[in-house]
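> everything below, folded, please.
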Amino acid sequence: MADDHHYDVIIIGTGAGGGTLAHRLAPTGKRILILERGDYLPRERDNWDSTAVFVKGKYRAPEFWYDKHGNEFPPEVNYYVGGNTKFYGAALFRLRPEDFGELRHHDGISPAWPIRYEDLEPYYTQAEHLYLVHGRHGEDPTAGPTSAQYAYPPVEHEARIQQLSDDLGKAGLHPFHLPIGVNLSQDEHGRATHDSACIRCDRVDGFPCLVGAKSDAQVICVDPALKYDNVTMVTDANVRRLETDPTGRTVTRVVAELGNGVTETFGADIVVVAAGAVNSAVLLLRSADEKHPGGLANSSDVVGRHYMRHNNLALMAVSKEPNPTRFQKTLALNDWYLGADDWEYPLGGIQMLGKSDADQIHGEAPRWAGAVMPDMPFEVLAHHAVDFWLCGEDLPLPESRVTLDKEDGIHLSLDEKNNIAGLKRLQHKLRGMLGHLGMHEHHLLHHSIYLHKGMPIGATAHQAGTVRFGGDPRSSALDVNCKAHDLDNLYVVDTGFFPSIGAVNPSLTAIANALRVGDHLAARLR
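Prediction:
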């Protein structure tokens, strides 16, 4: 292998895990190579077009996976620099302290992590500051203790959402400002200042940001890391295999197919996989060899298993008063996160979605037949829409798993009814409050355009758990530092390491953990 193809660290993937790790390691001076399957997302008007993004799926990866019955489905994945953070809603929540311990749910146990909330807390703070998170610690009574306040004040509610917050408060609940990563400066009225990168538009949730003001991994981490002379990135590099030395203890070669059709081989002292929970598991399984017949890091047979993706509902209520809000994603509610007075098990959390527009509602029309008011045209309905995201915990089941067939097809087995009782109760709680919140009580519409047109298995945006970490090599693939138990130089830093997923967006935890593992790797490299 040529010297110019050997590095101190190779990082595979540029999302919340890989991109953040590259940023952390860039100042070490070590030779770092980033391999990204995609290219930079093209900047064009379609970035902000609902029909292009949601209805036609223009930026979705042109591939199909298979469910447990062998039926094809299009997964919600995007291969670009920045990974899926290019399209995320930048809602950057911490897990609750209870999420790190064993939690009993209606359908089973959410297992404990090998680290505690206190171990990750300093890195949560660093992650919030790095990703420009706007919020206010102390508003959410279910949140854990913090070592520092957010560096940026919360994104102010617009009038209709402020009214919603007030009405929830009057009902004895504890709404709080949703923590969101945007490069925003506000004046005393909450409006974007003239020098603010973010313009408080209605395109934050599910759209890439044309003006680079959303805190995605490309903008916050990858581009700054590439300013260091010791950091190199190769795009359109689809890593196909990892190969080990004769002992099977060390990854020596990373084999990638480049965009020009050439297969290239790279080597590094340390190899970090951060391709997303599904594709990281696929890469490890595909790299099976004589020493690792079940796949790399898989002596425990857990690689690909315990796949989780949250139990989600996107719902649209119809406000009696118009809702002219543009930047709607500013409010969340966790009062029933760990339970309720009439239910001893966790329900999950409620947060706002990006504001519906007429194009999205037109896209929903066939699935809403008979459910909408006949005297309210879609454009009027859009102007009265208030959009909610309900998130409940999915439990890690061994049979919920990623596998490969002989033709290299990706199969995803999933129990779509796993632990959904809490989510149903959460929906019932919201429905029961509609009248008190100034909404039409009989219209809470499933907004499935956000959830892959009503195909739950296709909603892979919150994928996690396929390469879990733990203290016991018999039941986990990675150790507490996210190094493979079976290998000396292989790490995984995407959400595949999660032993459980909680009921909040996983991105901030992936970012914080990448910073934690980055510190470990920097010390090892010294």
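> next, count neighbours for His106.
16 (other CB atoms under 10 Å). Placement of C-beta: from N, CA and C, glycine included.
> and it, what does it touch?
Tyr345, Asn419, Ala421, Gly422 (CB atoms under 8 Å, 6 or more residues apart in numbering).
> tell me which of those residues is nearest to Gly354?
Of all the contacts of His106, Gly354 sits closest to Gly422, with 24.5 Å by CB to CB.
> can you list the buried residues in the strand or helix carrying the closest one?
For Gly422, the element it lies in under DSSP states H and E is helix 421-433. For helix 421-433, the neighbour count (16 or more other CB atoms under 10 Å) marks Ala421, Gly422, Leu423, Arg425, Leu426, Gln427, Lys429, Leu430, Arg431, Met433 as buried.
> equivalent analysis for stretch 87-105, please.
87-100, 103, 105.
> give me the neighbour count for Thr142.
17.
> got a list of contacts for the helix holding Gly422?
105-107, 168, 171, 311-313, 315, 317, 336, 340, 343, 345-348, 350, 388, 390, 392-393, 441, 444.
> could you find the closest non-adjacent residue to His157?
Thr330 (5.1 Å; CB to CB, 6 or more residues apart in numbering).
> repeat that for Asp205.
Of all residues not flanking Asp205 in the chain, Gly354 sits nearest, at 2.8 Å (CB to CB, 6+ apart).
> what's the spacing between that neighbour and Val493?
Distance of Gly354 to Val493, given as CB to CB, to the nearest Å: 28 Å.
> the two: which has the busier surroundings?
Per other CB under 10 Å, whichever of Gly354 and Val493 has more neighbours is Val493, with 32 against 22.
> got phi/psi on the more buried one?
phi -130, psi 20 (degrees, to the nearest 10).
> quick check: closest non-adjacent residue to it.
With CB to CB, 6+ apart, the residue lying closest to Val493 is Gly17, at 4.1 Å.
> ramachandran angles for that neighbour?
phi -80, psi -60.
> that one and Asp494 touch, don't they?
Yes - applying CB atoms under 8 Å, one finds Gly17 in contact with Asp494, separated by 4.0 Å.
> what sits in contact with each of those two?
The overlap between the contact sets of Gly17 and Asp494 (CB under 8 Å, 6+ apart) consists of Ala274, Ala510.
> if we can go back for a sec, state the helix or strand in which the residue nearest to Asp205 lies.
Using DSSP H and E, no helix or strand contains Gly354.
> ok, the buried residues of helix 421-433 vs Val255, which is closest?
Looking across these and measuring by CB to CB, the closest to Val255 is Leu423, at 41.6 Å.
> picking that back up, are any of the contacts of helix 421-433 buried, and which?
105-107, 168, 311-313, 315, 317, 336, 340, 343, 345-348, 350, 388, 390, 392-393, 444.
> among these, which are in helices?
Under the assignment DSSP state H, the buried ones among the contacts of helix 421-433 contribute Leu168 to helices.
> is it true that Glu441 lies in a strand?
Yes - counting by DSSP: H, G, I helix; E, B strand; the rest coil, Glu441 is located in a strand.
> can you pull the pLDDT of Thr28?
Looking at Thr28, its pLDDT reads 98.
> do the same with Ile361
81.
> same question, Pro366
If you check Pro366, the pLDDT there is 67.
> show me what the longest strand along the chain packs onto, helices and strands only.
Counting residues, the longest strand found in the chain (DSSP state E) is strand 263-273. On a contact count with 3 or more CB pairs under 8 Å, 6 or more residues apart in numbering; DSSP states H and E, strand 263-273 meets strand 6-12, strand 32-35, strand 237-244, strand 251-258, helix 277-286, strand 490-492, helix 507-525.
> assumed Gln360 was part of a helix.
Yes - Gln360 sits within a helix when classified using three-state DSSP.
> and it, what is it in contact with?
Ser50, Phe54, Val55, Ala382, His447, Ile449.
> redo that, cut-off 10 Å
50-51, 53-55, 206, 316, 354, 378, 382, 385, 387, 447, 449-450 (CB atoms under 10 Å, 6 or more residues apart in numbering).
> how about those, which pair is most distant?
Once CB to CB is applied, the contacts of Gln360 give Gly206 and Phe378 as the farthest pair, at 18.9 Å.
> what residue ranges in the protein score low on pLDDT?
Along the chain, the parts satisfying pLDDT under 70 run over 1-4, 365-374, 449-456.
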